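>>> Sequence below, structure please.
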Amino acid sequence: MSTLSPWTRRDPFAEFDQIVRRAFGPTVRTSGFTPAAEIDRDGDDAVVRLELPGLDVAKDVVVEIERAHLIVRGERRDERAEAKDGRTLREVRYGGFRRSFALPAHVTSEAITAEYDAGILTIKVAGAYAGAAAKRIEIASTPDTPALEA
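Below you'll find the model as predicted:
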């Protein structure tokens, strides 16, 4: 016979976060989580996908270019924080996040589009790989150069 009983499980990162705040002061912001990301090449375009399930992207996510970097930042809010009575198993991370991806110098904000569907934020960077192929430079030899002997 088994009995199902509620238990209390603490957030394993809460104690570490408190130590960091005590050591470095309240100005240090610890990250709530880091969303998983993948980058694919589609011709000359780069496609960045981030897993952001359960977020209201219109309210809680920002995509921007800053100093030749694509920045995706936001926050997963715990709407039920006040309703907790101490009997919680918590494996979902809440809080702020920030991801940064280097961009080629020629990419402007007009080349970037973003859409959100089924928990995946897809960002397309048009032309990110344009002109990225290596180009071999031929080395010319002059007839006046003496041959080296071994």
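>>> can you give me the strands in this structure?
Assigned by DSSP state E, the chain shows strands spanning 37-42, 45-51, 61-65, 69-76, 95-102, 112-117, 120-125.
>>> Which one, of those strands, ends up nearest to residue 143?
Nearest to residue 143 among the strands of the chain is strand 37-42 (43.7 Å), distances taken as C-beta to C-beta. C-beta: built from backbone N, CA, C; applies to glycine.
>>> and the strands of the chain as CSV, adding mean pLDDT and distance to residue 132?
Shown next, in CSV, are the strands of the chain (pLDDT from 0 to 100; distance: least, C-beta to C-beta, whole Å):
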stretch, mean pLDDT, distance to residue 132
strand 37-42, 94, 9
strand 45-51, 95, 10
strand 61-65, 95, 18
strand 69-76, 92, 16
strand 95-102, 91, 13
strand 112-117, 96, 17
strand 120-125, 96, 12
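>>> Which of the ones you listed sits closest to residue 140?
Checked against C-beta to C-beta, the stretch from these lying closest is strand 37-42, at 33.7 Å.
>>> Now do the closest one and strand 45-51, the angle between them.
In terms of direction (axes from the mean of the first three to the mean of the last three C-alpha atoms, to 10 degrees), strand 37-42 departs from strand 45-51 by 160 degrees.
>>> Neighbouring strands - and their directions - for strand 37-42?
Its sheet considered, strand 37-42 pairs with strand 45-51 (antiparallel) by DSSP bridges.
>>> And the strand it pairs with, what's buried?
Buried positions in strand 45-51, judged by neighbour count with 16 or more other C-beta atoms under 10 Å: 45-46, 48-50.
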